[in-house]
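**Q** coordinates for the following, if possible.
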Amino acid sequence: MFVSDPAPQRAACLLPAAVWCLAATWPIGAAAQTVEAARAAQTMVITGNPLQRGELAQPVSVLTGDGLLIRRASTLGETLDGLPGVASTWFGPNSNRPTIRGLDGDRVRVLDNGGASVDASSLSFDHAVPIDPLVVERLEVLRGPAALLYGGNATGGVVNTIDNRIPRSPQQGLGGRAELRLGGAAAERSVGAVLEGGAGAVTWHVDAFNRETSDLRVPLFTPVEDGTPLDPATSVRNSQADARGGAVGASWFGSDGFVGASIDTYRNTYGVTVEPDVTIRMKRERYSSAGEWNWAGAPVSRLSFSASRTEYEHQEVEGTGEVGTTFTSTGDEARIELRHAPIGPLNGVVGLQAESLRFSALGEEAFVPDTRTRSTAAFLLEEMKLGEGTLSAGLRTERVQVESSGDAADAEDPRFGAAQRRSFSPTSASLSALWPLGSGFSINASAGRTQRAPAYYELYANGLHIATGAFEVGDPTLGVESSRHVEIGTSWKQGPNSLKAQIFSTRFSNFISLDATGRNIDVVGEDGALSSVPEYAFRGVSARLQGLEVEGRWRVAELPWALDLLAGLDGVRGDNRDTGEPLPRIAPYRVSAGVEAAQGPWQLGAGVRYAAEQDRVPSSDVATPSYTMLNLWLTWKSRLALAETTWFARADNLTDELAFSSSSIGTIRGLAPLPGRSATAGLRIAF
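**A** Numbering: from 1, shown residues only. Purely as a prediction, here's the structure:
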């Protein structure tokens with residue numbers, strides 16, 4: 001049983017009731033817009049698209065509305081897993097960061113409304129991302145390098161969560177939504193609600209949520225820990241969770257733009273499967289502001305800015321109640337973009353970005369010293385029309401400083417040496433083109449170079465990392481990670497029918513990899529006994545990743561039901577070119593097929609996904625067997641009073657297939673299979 005603050009829980013329980021009562025009684029006029037209708041009208045992908053055009057040369061996936069409602073899970077990684085090129089790190093059901101095209105950690109940038117999401121999730125696989133999909137209304141995933149706008153941390157891609165906590169369009173009257181979800185393999189009990197309204201020049205936003213889950217149910221399996229089989233089980237040990245949070249925000253709108261601010265809080269207490277007596281107690285507070293102003297006919301036609309401060313902490317609590325290790329991060333970010341008026345054929349944006357991150361770890365599992373990372377960057381993106389096509393080019397230059405405080409003066413076990421500082425100057429550039437061919441066809445192509453400064457843990461780690469079961473050693477002499485990227489794709493759309501295909505190749509001249517050294521290190525356990533663990537070191541190697549992504553939809557019938565067939569294929573191959581071995585934790589080739597049907601208020605679908613055996617693994621890993629999963633879902637819409645209700649149900653892994661994720665690290669894979677057969681049902685109310 002988790003102990004939690006009562007106030008956020010009461011708010012999460014009361015808000016849905018308030019939404020329901022207001023939906024039934026509030027006199028909403030014709031001028032009022034519901035939140036759902038306003039968001040549905042916005043088809044533009046805003047992530048990576050500061051020129052605010054509807055199409056990007058870079059492949060993108062968007063989840064919103066009913067698509068997000070059906071896929072929504074307790075973590076970002078699980079929600080997005082299965083989209084083209086996207087998988088999950090799957091450290092049990094509570095810690096799942098998205099991986100994109102075989103890249104994870106500090107190479108996939110997770111954004112909160114376009115700003116940095118400060119946490120410790122890239123440091124360790126057992127650290128959760130402090131963003132709950134329950135109150136997110138839109139998810140945007142850019143696949144491939146997005147370093148021009150977001151820095152070298154976006155080498156693999158970007159995941160942007162959008163929740164409208166700072167309203168970006170004015171609203172008159174009241175709108176909102178509430179969602180209740182029950183079931184699933186983890187016996188989820190969750191509720192969330194959003195209220196938004198406005199009068200005159202001011203629009204406000206309030207949201208709250210509460211989510212509780214039990215240990216994850218899985219097919220009967222034999223857990224394996226440190227190579228030793230344990231007793232057979234039908235659940236993943238110590239995988240329960242209790243998360244809650246909320247936010248308030250408001251914006252003031254003038255004739256040419258807006259300014260706004262928000263405050264949000266997040267709490268999550270969850271079990272750590274690799275340590276059966278340990279729970280993580282996480283909290284995050286975030287203070288944000290944003291604005292945009294437009295001037296027709298001026299040399300600068302638009303100015304937009306955002307700034308945020310995030311205070312993050314998580315404590316690893318032993319079974320005795322004692323706090324073993326405390327991680328804290330304080331991050332500040334500021335960003336400004338200026339769009340200039342057309343200069344001949346050129347339309348463009350110039351921007352500045354600054355970030356600062358203070359990280360500290362205190363306790364027995366602190367394998368990284370206190371650090372501070374500061375970066376400043378300037379970027380330029382220009383676009384021009386060439387006939388029917390569009391050509392885009394961009395450049396970004398950064399200055400990054402990573403400082404280590406070294407060992408404390410009174411350290412009992414000195415490991416990090418004296419204080420030191422490294423400075424880096426990453427530079428990234430890209431060129432892309434989008435060209436329509438007529439009859440619904442278009443082609444896209446891009447090429448570029450991306451550079452990333454090493455993360456603080458890649459430079460300064462030196463200690464036992466419990467989550468990976470290894471003694472990790474950083475290298476303070478590492479240089480910038482450099483890669484070259486080329487990609488080409490095609491798309492076709494005609495009415496409800498569509499087809500998209502991409503092939504890509506990324507070569508790293510200095511891929512910072514965590515590799516086994518062949519040595520073992522003796523460490524003292526909590527009971528005072530010595531044990532031997534393998535040593536892993538961060539080092540720069542030559543690497544290559546290449547792959548393909550295909551997705552399509554075909555309308556086969558219109559009446560009495562609109563019937564669509566869906567299919568997809570994706571895969572990536574990663575190689576360490578120095579050793580000739582495959583790169584670790586790469587998702588296998590995956591094939592999916594499905595059918596969707598719709599008539600009036602009803603929508604239903606069925607899908608099957610096959611993941612091939614992943615036997616291309618380094619010598620330090622083992623192959624992951626193939627699996628096939630069958631899923632069903634349905635929704636039914638109705639109106640009650642002035643509210644639109646959507647009832648939904650989902651059945652996952654109907655054949656109760658025992659499956660493991662090749663994207664997981666070895667210490668968790670044998671302890672945490674993917675979820676077993678389950679059913680989820682719920683209700684969304686929107687007005």
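**Q** strands of the stretch 51-200 of the chain, start to end?
**A** Taking DSSP state E, counting those that start in this stretch to define them, one finds strands in the stretch 51-200 of the chain at 60-64, 86-88, 98-100, 108-112, 115-116, 138-143, 157-162, 173-183, 188-199.
**Q** partner strands of the shortest one, parallel or antiparallel?
**A** Meaning strand 115-116. With DSSP bridges as the test, strand 115-116 is paired with strand 108-112 (antiparallel).
**Q** pretty sure residue 212 is touching residue 184, no?
**A** No - checked against CB atoms under 8 Å, the pair residue 212 and residue 184 is beyond contact range at 11.5 Å. Every residue, glycine included, has its C-beta placed from N, CA and C.
**Q** any stretches of the stretch 201-350 of the chain with poor pLDDT?
**A** By pLDDT under 70, the stretch 201-350 of the chain contains no weakly predicted segment.
**Q** who does the closest residue to residue 328 other than its chain neighbours bridge with?
**A** Spatial nearest neighbour of residue 328, chain neighbours left out: residue 313 (4.7 Å); criterion: CB to CB, 6 or more residues apart in numbering. Beta-bridge partners recorded for residue 313 (DSSP bridges): residue 283, residue 328.
**Q** is it correct that residue 313 is in contact with residue 327?
**A** Yes - counting by CB under 8 Å, residue 313 touches residue 327, with 7.0 Å between them.
**Q** these two: who's more crowded?
**A** The residue with more neighbours, out of residue 313 and residue 327, is residue 327; 24 against 16, by other CB atoms under 10 Å.
**Q** list the contacts of the more buried one.
**A** Going by CB atoms under 8 Å, 6 or more residues apart in numbering, residue 327 touches 120, 123, 127, 313-316, 359-361.
**Q** check residue 376 too.
**A** 352-354, 398-399.
**Q** which one of those is nearest residue 507?
**A** Proximity of the contacts of residue 376 to residue 507 (CB to CB) peaks at residue 398, which lies at 21.0 Å.
**Q** that closest one sits in which helix or strand?
**A** Using DSSP states H and E, residue 398 sits in strand 389-404.
**Q** nearest residue to residue 271 in space, ignoring adjacent ones along the chain?
**A** Spatially, and ignoring its direct neighbours in sequence, residue 271 is nearest to residue 238 (3.5 Å; CB to CB, 6+ apart).
**Q** meant to ask about residue 262
**A** Here the nearest residue to residue 262 in space, its sequence neighbours aside, is residue 249; by CB to CB, 6+ apart that works out to 3.0 Å.
**Q** buried stuff in stretch 256-266?
**A** Within stretch 256-266, the residues that count as buried by 16 or more other CB atoms under 10 Å are 257-262, 264-266.
**Q** helices of this structure, residue ranges please.
**A** 6-25, 35-40, 65-71, 76-80, 147-150, 456-460, 666-669 (DSSP state H).
**Q** picking up where we left off before, could you check how many residues crowd around the residue nearest to residue 262?
**A** Residue 249 is flanked by 24 other residues according to other CB under 10 Å.
**Q** how close does it get to residue 194?
**A** According to CB to CB, to the nearest Å, residue 249 and residue 194 sit 11 Å apart.
**Q** any shared contact partners between these two?
**A** Both residue 249 and residue 194 are in contact with 205-206, where contact means CB under 8 Å, 6+ apart.
**Q** tell me how many other residues surround residue 334.
**A** Residue 334, neighbours per other CB under 10 Å, totals 17.
**Q** without its sequence neighbours, what residue ends up closest to it?
**A** Nearest non-adjacent residue to residue 334, counting by CB to CB, 6+ apart: residue 307, 4.5 Å away.
**Q** need the strands for the stretch 551-687 of the chain, in chain order.
**A** According to DSSP E, counting those that start in this stretch, the strands that the stretch 551-687 of the chain contains are 562-576, 590-599, 602-611, 627-640, 643-652, 678-686.
**Q** noted, bye for now.
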